[in-house]
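Undergrad: I'd like to go over a predicted model; first the sequence, then the structure.
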4 protein chains.
Amino acid sequence: MVGYKFMGKAHAHAYRDIPFYFDSDATPVLQGIAGRDEAGVREAARRYGFASYETDWRRLIDRQDIDVIDIVTPNNAHAEIAIAAATAGKHVVCEKPLAMTLDEARQMLTAAQAQGVVHMLCHNYRFAPAVQFAKRLIQEGRLGRIYHVRAQYLQDWIMDPSFPLVWRLRKEVTGSGALGDIAAHILDLARFLVGEFREIVSAVETFIEERPLGEMTSGLNASLSPNIEGNQTGQVDVDDATAFLAHFENGALGVFEATRFAAGNRNGNRFEINGEKGSIRWSLEDMNWLEVYFTDDEPGLQGFRRVNCTEEVHPYAGAYWPAGHIIGYEHTFINLFKELMDGIANRRDVEPNFEDGVKNQAVLAAVERSAMSRQWVRVAEM
Amino acid sequence: MVGYKFMGKAHAHAYRDIPFYFDSDATPVLQGIAGRDEAGVREAARRYGFASYETDWRRLIDRQDIDVIDIVTPNNAHAEIAIAAATAGKHVVCEKPLAMTLDEARQMLTAAQAQGVVHMLCHNYRFAPAVQFAKRLIQEGRLGRIYHVRAQYLQDWIMDPSFPLVWRLRKEVTGSGALGDIAAHILDLARFLVGEFREIVSAVETFIEERPLGEMTSGLNASLSPNIEGNQTGQVDVDDATAFLAHFENGALGVFEATRFAAGNRNGNRFEINGEKGSIRWSLEDMNWLEVYFTDDEPGLQGFRRVNCTEEVHPYAGAYWPAGHIIGYEHTFINLFKELMDGIANRRDVEPNFEDGVKNQAVLAAVERSAMSRQWVRVAEM
Amino acid sequence: MVGYKFMGKAHAHAYRDIPFYFDSDATPVLQGIAGRDEAGVREAARRYGFASYETDWRRLIDRQDIDVIDIVTPNNAHAEIAIAAATAGKHVVCEKPLAMTLDEARQMLTAAQAQGVVHMLCHNYRFAPAVQFAKRLIQEGRLGRIYHVRAQYLQDWIMDPSFPLVWRLRKEVTGSGALGDIAAHILDLARFLVGEFREIVSAVETFIEERPLGEMTSGLNASLSPNIEGNQTGQVDVDDATAFLAHFENGALGVFEATRFAAGNRNGNRFEINGEKGSIRWSLEDMNWLEVYFTDDEPGLQGFRRVNCTEEVHPYAGAYWPAGHIIGYEHTFINLFKELMDGIANRRDVEPNFEDGVKNQAVLAAVERSAMSRQWVRVAEM
Amino acid sequence: MVGYKFMGKAHAHAYRDIPFYFDSDATPVLQGIAGRDEAGVREAARRYGFASYETDWRRLIDRQDIDVIDIVTPNNAHAEIAIAAATAGKHVVCEKPLAMTLDEARQMLTAAQAQGVVHMLCHNYRFAPAVQFAKRLIQEGRLGRIYHVRAQYLQDWIMDPSFPLVWRLRKEVTGSGALGDIAAHILDLARFLVGEFREIVSAVETFIEERPLGEMTSGLNASLSPNIEGNQTGQVDVDDATAFLAHFENGALGVFEATRFAAGNRNGNRFEINGEKGSIRWSLEDMNWLEVYFTDDEPGLQGFRRVNCTEEVHPYAGAYWPAGHIIGYEHTFINLFKELMDGIANRRDVEPNFEDGVKNQAVLAAVERSAMSRQWVRVAEM
């Protein structure tokens, strides 16, 4: 694993838990972790249970005892590491967004396909049981033709103007702001559930344009508490908020919004999908529940059902606890890596993978281009 | 009153109830009602308590015993009646959307202003106590600078392809579909709460393009149950759904969506507004509640408060029942016409009025133009 | 009508609205209203639209132009007025609780039955469309055998120790506290929906035992804002809270709680009923919604449906507005009096009536006896 | 660890995760697990990561390499194992309810105290961050004097009459039904948050009195899917549902209900507490949220706040993920055993412990006695 902070923690935990909950076809072994700061990576190795650590990720790729490289670095390092790893014949897992640009993403896919390695993109929210169940309902035609998808990813963690210019707010490190960080999640969910985007028109905003310099605290267990470094400020060059309208290939109309300025919404990843036979609603903060409506329910008894997706019939839920005993954020990763393990053991494609990464990146690029050109942009032309 | 169906019922009831609940400065007297179908209008007069009826609305305008003309006809008759009424020196109330076109709307405003009559536009949802209270919070600066408004008006009453081509689906009568009927409401609420629109980009959809001919049943108490007339079908020439992004004059970013194809949403008029100091959420189907969040609430105790706006401190609520005894849809009209009565008695402007109608119509026109041109459209250029 | 404050307002409004919404078999005419304070009753007559007023209720009963006596006085006057009215051959409607004691209630029933007049008890919450729909589901066997009913009526309007000793807190005027005022509602709903009580064990509490003297403000539109009168205090001799367990005749287990000390619950009248085939939940503050669960819903799709009971298929709802346009507290009275009018026109029994009043009073008496004796009490032995 | 099914899985997982999330003062090592069925316990040892297994729990107690005995067997084995373990100087952890009888519970406490070992009772729901935060609010006096606690634990997993007579339905193995299994949880939460019970009156029900013989499937990951064994049936001799009223030592009034017959409630552990200064509400199925109301919130802005207890300021939450990333059922155990580890390392009492077990058992015994005697029972007299 390359990187060890918030995402590193989530990934490491998931690998540890897979054999506890699942009989996967391969069992993850935490062989090595890499990071530039030796004290930090040593502590991470100890805490997360890695057998060794390296201060240069290239050393991990050179090692023969390592089969899979998992990339949890900031976005600007994804491509180089992924391409090196794939070229070395390692299976590759990468945090989202796949790359800084569509071009990079395509090179990563090409490298992975050239070597025939398994590649996976960590859009973990696909793996909430409620989301998987939504997918099943849609695939089975239970909603019929899809008319609408509306999705929001609302956060509020940078609203304070004194919150510093952390790496997630610097374009050279992160590529974009709310767009690549959280809009990426909702568009991936839309692609997963509804289908491919045809064209897009977007608007972006940066509400606070200058911030003190600083970074997150480095403790492994730390939440997003930032440190201010001195009195200097810097320019915010990424979006605080992004919204876009979309037409899908199948005729659905999409309305999307991602922002870090929605006070009171800590992690409000939500969607509603309306089809000719019914509708579904989901919200990450209540991720165990799926609201489902069917137009053919008996008159007088039509209403959204609030289903607790913790039953054996719900995807992945049977691996955990009896009905009504909810699971949390980290289980989305356990489920995701369970698929990875099975894919690796059977040399089988998994989803979402770098192809999804390229398609997602094309949507992100279309959003960015539209924000500049103030025109509708066809995703296929990216 | 000209017209007597769904909206006529709502208006008539409100006039009757004003003196019961309020000490308004003028008291409405239901002098006359007009409609083309004599049986229908006679029955409406009897049921609603009008002293007389006419089969030609011009007769109402000619009568000296009538001071106010209230227009609840389909949209294509608004302008002619309103201009005639204002020209005759009557105060004029008109259902929304004000007109078929921005031009018509401007003529209506000019006519009303020329005669100095009181003019009002029936955007009743402004008058839910929770919405009025939201307005007060925003005006007092409790949310600070506004960053976001997202609003949806989701309905599902025409999803069945066998639902007929009623007047609300025919452009010549109604002007537009979801746009003028329900998007008009959410953009008016946004103007009321957030401020003026600067520019817009939109997308519209008509999902079902051909429908059987037919109309609503004509009973006064009838809900929206349609009658099919024979086997003929007609072309739907209005939008089933409209979505648009907007930049506001004050820098807020808006995301709007109105549709009649959102299964399970009977009357889902909802908005959320995010400001630098807090957020609010409202939903028409739970119209007595306002959800409010403040960023300066104590750490650990920050969350949306669900406030039942039925206390004396909440606008209009003190006129009704003790706290916790909710009111409904019809009370929005009682409150609205209470303002009208006070305005007429004191020859004072009321809101929303035809100026709001013109501004709303400019936004509607911008949405339509953007849907055609696939460009961002400045509202001021309409 | 005898009395004219909070309940008088609700009743008067309902009578006025019946002909607007319904084709009832009789039409109410507001002939006269009585109250001791002449200024107050004169103003009430004007505001509510009564043709005349009296300062002695006996005068109303003597009048030949009056067919129905509606009693909205404090509880200690119910019996005398009702018996006098029935004896004079007037139909009688009475606010709940029917009487101060079970004995009084029986005398009232006897008087009404002896003269063959129509008698009705104003348990208005039965007449929320969602509650009526719940009744229909249960009657049709959709929940199967009933196992559980749990109901709470939670309020918080007297929690402030400086809130005065208004008449609703004085035993001589009101008979009991939370018990007769609000527990009466939930036990009536339980009898309506589940069946008769067999036995009861109860606990009562008075948390604040001394309060300043004072009364509600007398304005007709006033909410429950109290006036303090001087520095004197008095003893609270009624219950602030009452809870009881119950076995029903049909084997269901009941858990009931009524309190005026549940901070944050303005008007929290709520119940959940669990049967072998399903469950329902209802809450007055969200009175248009009924939550419904069926055990035979498809696996994976089992969850409470949130049904907005505003469709034509829902009882009474078709008289009002299209689906999704909610109604409020006052409509429960309109529906109730619609039944009264039909009953009177057809000389037909209506429900709930004085028989229900006697049965409810027997439950109230059993609760009181159990609170004293600290024993289970059989309702049939009261 | 003795036992290895549902609870064994939850405990084992928690021990594994402690060093990942916490810097506890002692680190758990999974040395051995015991179970009677060799195949089952061998598989459990492998899956859960225990270093060894035994088929006789006494062997675990004899081993010098084991410091802590964790008892997750059915209830009828708790006392014997706990006393043997404590007598051997091992620290003891025991699933709830502590014992079959109050007498057993007292012997267990005596044994643990005599040896000075650390003892803990697994009421894991105390350790949801929202519940811990509720405790803090109450301790700080933020709710003031407590007036009410109402708590329900509603499940529905045995409603089907063909569900077999599993061990949780047999008195000799389990002691009681809903009472010891789930009422135990809500009374423990009430003791934790509100204080000690003074007296109780109860009602119990067994709705389905005969069931086919059978047991749960034995797979480690299995949910509560039962196997039927042949055609034989047996008598259900435990309660399906239990309800009780309670007076607390501090004057609060309690209303409690636990049932396995509340259709649609998979795991509905819920409470609301009302105090003079505010109220709180919690529900296990939405365990990350705490609803909080304060009476001194600004007029017009009073309402329950829905707080997502995932921030660093919330107890234990900082060990996991950033705000808004929810945790689940299993984390309650991680938090609980974190306290155990710290207690053992520092030879310090932890809570809840066997003293709580004795007090809880006294309440359970009072409930049972009251159900028999149909009298109020003082808990102190048990």
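TA: Arrived safely, thanks for sending.
Undergrad: now the helix or strand bottoming out on mean pLDDT in chain A: buried residues?
TA: Sorting the helices and strands of chain A by mean pLDDT, DSSP states H and E puts strand A:226-235 at the bottom, at a mean of 82. Within strand A:226-235, the residues scored as buried using 16 or more other CB atoms under 10 Å in any protein chain shown are residue A:226. For every residue, glycine as well, the C-beta is placed using N, CA and C.
Undergrad: using CSV, write out every CA atom in it.
TA: C-alpha atoms of strand A:226-235 as CSV (Å, rounded to 0.1, in the frame of the first residue of the first chain):
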residue,chain,number,x,y,z
PRO,A,226,-6.4,21.0,10.4
ASN,A,227,-3.3,22.8,11.5
ILE,A,228,-2.6,26.4,10.6
GLU,A,229,1.0,27.2,9.6
GLY,A,230,1.9,30.8,10.4
ASN,A,231,0.3,33.8,8.9
GLN,A,232,0.7,33.2,5.2
THR,A,233,-2.2,32.7,2.9
GLY,A,234,-2.5,31.2,-0.5
GLN,A,235,-4.9,31.2,-3.4
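Undergrad: quick one: that strand near chain D?
TA: No: applying CB under 8 Å from any CB of the partner chain, one finds strand A:226-235 separated from chain D by no less than 11.7 Å.
Undergrad: and that strand, what other elements does it pack with?
TA: Secondary-structure packing of strand A:226-235 (3 or more CB pairs under 8 Å, 6 or more residues apart in numbering or on different chains; DSSP states H and E): strand A:210-216.
Undergrad: name the single longest helix found in chain A.
TA: Determined from DSSP state H, the single longest helix within chain A is helix A:354-373.
Undergrad: that helix packs against which elements?
TA: Judged by 3+ CB pairs under 8 Å, 6+ apart, the packing partners of helix A:354-373 are strand A:91-94, helix A:102-115, strand A:119-121, helix A:184-193, strand A:197-205, strand A:241-248, strand A:377-378.
Undergrad: go again using 7 Å as the cut-off
TA: helix A:102-115, strand A:119-121, helix A:184-193, strand A:197-205, strand A:241-248, strand A:377-378 (3 or more CB pairs under 7 Å, 6 or more residues apart in numbering or on different chains; DSSP states H and E).
Undergrad: between those, which gets nearest to residue B:155?
TA: Of all these, it is strand A:241-248 that lies closest to residue B:155, at 19.4 Å by CB to CB.
Undergrad: the next helix or strand after the closest one near chain D at all?
TA: Once the chain leaves strand A:241-248, the next helix or strand it forms, by DSSP states H and E, is strand A:253-259. No: where contact is defined by CB under 7 Å from any CB of the partner chain, no part of strand A:253-259 touches chain D; the two come within 13.7 Å at best.
Undergrad: so what are the sheet partners of strand A:253-259 and their directions?
TA: According to DSSP bridges, strand A:253-259 forms sheet pairs with strand A:146-154 (parallel), strand A:241-248 (antiparallel).
Undergrad: and it, how far from the chain's centre?
TA: Here the centre of strand A:253-259 is set off from its chain's centre by 16 Å, with CA atoms, centre = their mean, to the nearest Å.
Undergrad: same deal with stretch A:8-24?
TA: Counting by CA atoms, centre = their mean, stretch A:8-24 comes out at 17 Å from the chain centroid.
Undergrad: count the neighbours of residue A:30 for me.
TA: For residue A:30, the neighbour count with other CB atoms under 10 Å in any protein chain shown is 17.
Undergrad: A strand includes it, no?
TA: No: counting by DSSP: H, G, I helix; E, B strand; the rest coil, residue A:30 is not found in a strand; it is coil.
Undergrad: if we ignore the residues flanking it in sequence, what's nearest it?
TA: Spatial nearest neighbour of residue A:30, chain neighbours left out: residue A:50 (4.5 Å); criterion: CB to CB, 6 or more residues apart in numbering or on different chains.
Undergrad: quick check: that neighbour is in a strand.
TA: No: the assignment for residue A:50, made by three-state DSSP, is coil rather than a strand.
Undergrad: okay, it: pLDDT?
TA: If you check residue A:50, the pLDDT there is 96.
Undergrad: also the one 10 residues further on?
TA: If you check residue A:60, the pLDDT there is 96.
Undergrad: report how many residues lie close to residue A:285.
TA: Residues lying near residue A:285 (other CB under 10 Å) number 22.
Undergrad: revised request: answer the last question for residue A:348.
TA: Neighbour count of residue A:348, defined by other CB under 10 Å: 11.
Undergrad: how far away is it from residue A:110?
TA: 20 Å (CB to CB, to the nearest Å).
Undergrad: one more: residue A:16?
TA: Separation of residue A:16 from residue A:110 (CB to CB): 33 Å.
Undergrad: you'd agree residue A:346 is up against residue A:25?
TA: Yes: assessed by CB atoms under 7 Å, residue A:346 is found in contact with residue A:25 at 6.0 Å.
Undergrad: intersection of neighbour lists for the two?
TA: In terms of CB atoms under 7 Å, 6 or more residues apart in numbering or on different chains, residue A:346 and residue A:25 are not both contacted by any residue.
Undergrad: quick one: which helix or strand includes the residue of the stretch 51-200 of chain A found nearest chain C?
TA: In the stretch 51-200 of chain A, the residue that lies nearest chain C is residue A:133 (6.6 Å; CB to the nearest CB). Assigned by DSSP H and E, residue A:133 belongs to helix A:129-139.
Undergrad: before we move on, back to that, more neighbours, residue A:16 and residue A:110?
TA: The residue with more neighbours, out of residue A:16 and residue A:110, is residue A:16; 19 against 14, by other CB under 10 Å.
Undergrad: which residues in the stretch 251-382 of chain A form strands?
TA: For the stretch 251-382 of chain A, the strands defined by DSSP state E, counting those that start in this stretch cover A:253-259, A:268-275, A:278-283, A:289-294, A:304-308, A:377-378.
Undergrad: would you format those strands as TSV with mean pLDDT and mean neighbour count included?
TA: Formatted as TSV, the strands of the stretch 251-382 of chain A follow (pLDDT from 0 to 100; neighbours: other CB atoms under 10 Å in any protein chain shown):
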stretch	mean pLDDT	mean neighbour count
strand A:253-259	98	27
strand A:268-275	98	24
strand A:278-283	98	23
strand A:289-294	98	24
strand A:304-308	98	23
strand A:377-378	98	18
